[in-house]
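Trainee: show me how the following folds:
(one chain, ligands or ions: 3)
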Amino acid sequence: MSRQDNGYQEALAEALATTDVLQRVAGTVAIHLYQLELRADGSYDCLPWVGAGLERLLGPIPDEVNEEEAWESAVHPDDRGAYDAGCDAVQRGEPVEVEYRLVGYDGRVRWVWDRMHPYHATDGRLLVDGIVADITERREVADELARMQEQLAHLAYHDALTDLPNRLSFQDHLGVAISRCELEEAALAVLFVDLDNFKLVNDSFGHAAGDELLRAVAARLRRSTRSIDVVARQGGDEFLILVGDIPRSSRRPRDAQDVRSVAEVVAQKLRRVLAEPFTISGVEIFVSASVGVSLYPIDATDSETLLKHADVAMYRAKESGRDAYELYAGEGEDALAQLSMAGRLRGSVERAENLVLHYQPLVELESAKVVGVEALIRWQDGDRLVPPGDFIPIAERTGLMARMSDWVIGEACRQATIWRDEGLDLYVSVNLPPTFWQPTAMRHVLATIEAFGLNPDRMMIEITESAVVSDQRPAMDSVLDELHARGLQLAIDDFGTGHSSLSRLNQMRVTTLKIDRSFVRDLPADRSADVVVTSIVQLAHNLGLRPLAEGIETDAQRRFLLEHGCRLGQGFLFSRPVPADDIPRLCRG
Ligand code: C2E
Ligand code: MG
Ligand code: MG
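Mentor: Ligands and ions are numbered 1, 2, ... in the order given. The predicted structure follows:
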């Protein structure tokens with residue numbers, strides 16, 4: 001039985017015991033009987049008073065105060081309204097029952113139940129027969145009972161360890177939030193957060209530390225979300241977050257993109273917040289989390305499906321190697337979004353608008369001198385600058401690659417002539433898809449370069465290994481010879497990720513091997529990355545090629561590469577890809 005079930009059972013037992021107490025005290029209340037004569041102005045005289053003295057209810061009454069005054073002044077201010085309303089009804093001849101508090105001269109507060117029954121005497125006077133019962137104990141028990149009931153409800157809707165709402169409560173909140181979104185045309189996001197390797201913390205530091213960590217995680221999640229967001233514990237090391245009220249003006253895919261961006265910002269923020277070390281019993285513990293996101297109304301419109309989709313997305317994030325977030329990618333909606341994205345991309349490519357080239361410096365690792373730049377395409381889709389990984393697959397599937405590549409070559413050549421005229425000594429490297437690996441396309445590339453009046457040695461062409469592998473045509477050889485003779489450089493991109501035949505590399509007149517950034521990333525600490533990179537550099541030298549390392553982010557990586565004979569590279573350490581206008585400044589240092 002879980003901790004939460006335990007608490008629930010205990011509270012239930014206590015509540016039942018209290019009900020028993022209530023029944024016992026019901027018989028012991030002190031009762032007084034009285035009769036009043038009521039005058040038209042509301043004042044009255046108490047005729048007989050039966051039962052224990054008034055002191056039982058009011059404490060010792062000072063001599064100078066009469067009993068009626070004492071009673072009236074004892075009525076608790078908060079109950080004055082109810083009491084006066086009762087008196088007015090009696091004045092009209094209606095019988096009433098009122099419960100109110102009396103503040104005694106001894107300072108004690110007592111609850112009374114007062115039943116007043118008015119009637120006219122034969123001589124016309126308005127008389128009231130009344131019963132007053134001291135119900136203080138009963139009220140206290142009832143209040144206690146209400147408190148207990150509240151506590152029971154809290155237990156049923158909260159997680160005992162972290163005091164966050166539990167899944168049941170989250171579902172209620174989600175249901176309400178969805179109804180509100182329907183009315184307000186708003187969107188919401190459900191985030192499913194799962195800690196990576198929590199079991200490890202439990203196993204190595206013990207369960208008490210595990211519990212403390214979960215409480216600390218809960219507190220951080222709570223602190224880093226808005227007060228209107230709901231943070232709940234689903235169970236174990238899993239948390240749920242409801243981000244409500246994301247504005248949405250319609251259901252068009254553009255808005256869907258906006259909603260996604262908001263959710264992504266939250267997901268990234270949560271992961272960042274959790275990445276800060278936790279100090280648990282004096283020990284620093286590092287935690288990472290996998291986050292799955294589903295969106296209303298994009299992924300689903302009911303709470304159960306939204307939760308399911310967020311769960312699925314979270315598992316995707318785990319599969320992708322943990323410490324990541326993932327948006328739910330439902331087949332239907334995704335296909336639809338891609339369809340309209342493909343339509344807009346076609347428009348852009350056909351009209352050659354909204355396509356942009358950014359340039360990343362290729363540098364000498366020793367001096368950081370810029371010797372060339374790689375042209376990297378971006379697509380301006382509305383106000384989003386889309387990276388190539390997000391639209392090149394669509395361009396490939398929809399047959400847009402050839403036209404797009406033509407634009408890239410033309411634009412890169414145009415820019416290269418500008419830089420040449422400005423006196424910058426650099427070459428421009430262009431990525432081409434595998435389909436360009438055939439004689440006609442390559443002749444066309446060469447013709448374009450010459451049409452711009454550029455010397456081919458100002459250009460480099462990057463082609464991925466897969467294109468090299470698929471090439472079986474000796475027809476390419478004469479074109480390659482020609483390219484080579486004119487000084488055009490040829491690079492194999494992402495080298496090390498495919499399976500190229502070494503003898504082909506030689507025949508292909510390749511000049512440069514670009515070492516894939518997945519190897520560089522793990523340098524210098526990772527042993528196998530070390531071996532792969534060292535061998536590629538060796539191989540390049542043996543074949544008379546220049547190695548160029550991609551994705552250099554740290555100076556340690558730069559130094560490792562230099563020490564192992566790689567003299568060229570690119571990466572965020574030197575510069576991110578930037579607009580063309582920024583290049584002259586970077587070249588001049
Ligand atoms: P790529 O040709 O291997 O380009 C290098 C990619 O690595 C670029 O991503 C660049 O921004 C990124 N990068 C550079 N330095 C670092 C670093 O230090 N750290 C990290 N993490 N990343 C770094 P980008 O621009 O998103 O391009 C992705 C891929 O899209 C390119 O990989 C290339 O295969 C393709 N691509 C880009 N432009 C074109 C194009 O005009 N035509 C074709 N066919 N493919 C293109
Ligand atoms: Mg490239
Ligand atoms: Mg590459």
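
Trainee: helix or strand for residue 133, which one?
Mentor: Using DSSP states H and E, residue 133 sits in strand 126-134.

Trainee: helices or strands next to the helix or strand hosting residue 374 in the packing?
Mentor: Assigned by DSSP H and E, residue 374 belongs to strand 370-381. Judged by 3 or more CB pairs under 8 Å, 6 or more residues apart in numbering; DSSP states H and E, the packing partners of strand 370-381 are helix 331-351, strand 355-364, strand 384-386, helix 388-397, helix 401-421, strand 427-431, helix 583-587. C-beta coordinates here come from the backbone N, C-alpha and C atoms, glycine included.

Trainee: so of these, which one's packed in deepest?
Mentor: strand 427-431 (a mean of 24; mean count of other CB atoms under 10 Å).

Trainee: run the chain-centre distance for the next helix or strand after it.
Mentor: Following strand 427-431 in sequence order, the next helix or strand is helix 439-451 (DSSP H and E). Taking the mean of its C-alpha atoms, helix 439-451 sits 48 Å from the chain's own mean (CA atoms, centre = their mean, to the nearest Å).

Trainee: repeat that for stretch 38-46.
Mentor: Distance, centroid of stretch 38-46 to centroid of chain: 68 Å (CA atoms, centre = their mean).

Trainee: switch the helices and strands packed on strand 370-381 over to a markdown table; also include mean pLDDT.
Mentor: Formatted as a markdown table, the helices and strands packed on strand 370-381 follow (pLDDT from 0 to 100):
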| stretch | mean pLDDT |
| --- | --- |
| helix 331-351 | 74 |
| strand 355-364 | 98 |
| strand 384-386 | 89 |
| helix 388-397 | 82 |
| helix 401-421 | 96 |
| strand 427-431 | 97 |
| helix 583-587 | 94 |
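
Trainee: tabulate the ones you listed in a markdown table, adding columns for distance to residue 513.
Mentor: Below are the helices and strands packed on strand 370-381 laid out as a markdown table (distance: least, CB to CB, whole Å):
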| stretch | distance to residue 513 |
| --- | --- |
| helix 331-351 | 31 |
| strand 355-364 | 13 |
| strand 384-386 | 29 |
| helix 388-397 | 21 |
| helix 401-421 | 21 |
| strand 427-431 | 13 |
| helix 583-587 | 24 |
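
Trainee: which other helices and strands contact the strand holding residue 133?
Mentor: Right, strand 126-134 is packed against strand 30-38, helix 55-58, strand 109-120 by 3+ CB pairs under 8 Å, 6+ apart.

Trainee: figure out which of the helices and strands packed on strand 370-381 is closest to ligand 2.
Mentor: For the helices and strands packed on strand 370-381, the distance to ligand 2 is smallest for strand 427-431, at 4.5 Å, taking CB to the ion.

Trainee: need the helices and strands packed on strand 370-381 in TSV (columns: distance to ligand 1).
Mentor: Formatted as TSV, these follow (distance: least, CB to the nearest ligand atom, whole Å):
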stretch	distance to ligand 1
helix 331-351	12
strand 355-364	6
strand 384-386	10
helix 388-397	3
helix 401-421	4
strand 427-431	4
helix 583-587	14
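
Trainee: direction included, what does the strand holding residue 133 pair against?
Mentor: strand 30-38 (antiparallel), strand 109-120 (antiparallel) (DSSP bridges).

Trainee: about what we covered before: out of the helices and strands packed on strand 126-134, which is closest to residue 418?
Mentor: strand 109-120 (88.3 Å; CB to CB).

Trainee: now do the strands in the stretch 51-200 of the chain.
Mentor: Assigned by DSSP state E, counting those that start in this stretch, the strands in the stretch 51-200 of the chain fall at 96-103, 109-120, 126-134, 186-195.

Trainee: residues of the protein that sit close to ligand 3?
Mentor: Residues of the chain that fall close to ligand 3, judged by CB under 5 Å from the ion: 493-494, 550.

Trainee: most neighbours of all those residues, which one?
Mentor: Neighbour counts for those (other CB atoms under 10 Å) peak at residue 493, which has 24 neighbours.

Trainee: pLDDT score for residue 438?
Mentor: pLDDT, residue 438: 78.

Trainee: with residue 192 instead?
Mentor: pLDDT, read off for residue 192, is 96.

Trainee: same check on residue 147?
Mentor: At residue 147, pLDDT is 79.

Trainee: let me see the contact set for it.
Mentor: Under the criterion of CB atoms under 8 Å, 6 or more residues apart in numbering, residue 147 has no contact partners.

Trainee: next, the buried residues of stretch 552-562.
Mentor: Neighbour counts using 16 or more other CB atoms under 10 Å place 552, 557-558, 560-561 of stretch 552-562 among the buried residues.

Trainee: next step: these restricted to helices.
Mentor: 557-558, 560-561 (DSSP state H).

Trainee: and of those residues, the nearest to ligand 1?
Mentor: For these, the minimum distance to ligand 1 (CB to the nearest ligand atom) is 8.9 Å, reached by residue 557.

Trainee: residues in contact with that closest one?
Mentor: By CB under 8 Å, 6+ apart, the neighbours of residue 557 are 520, 523-524, 549, 571, 573.

Trainee: check residue 201 too.
Mentor: 209-210, 213, 285, 287.

Trainee: switch the cut-off to 7 Å
Mentor: Residues counted as contacts of residue 201 (CB atoms under 7 Å, 6 or more residues apart in numbering) are 209-210, 213, 285.

Trainee: likewise residue 357?
Mentor: 375-377, 408, 411-412, 415, 580.

Trainee: rewinding a little: can you put the ones in helices among the buried residues of stretch 552-562 in a markdown table and add distance to residue 143 and pLDDT?
Mentor: Shown next, in a markdown table, are these (distance: CB to CB, whole Å; pLDDT from 0 to 100):
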| residue | distance to residue 143 | pLDDT |
| --- | --- | --- |
| 557 | 68 | 97 |
| 558 | 72 | 97 |
| 560 | 72 | 96 |
| 561 | 75 | 97 |
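
Trainee: appreciated, that's everything.
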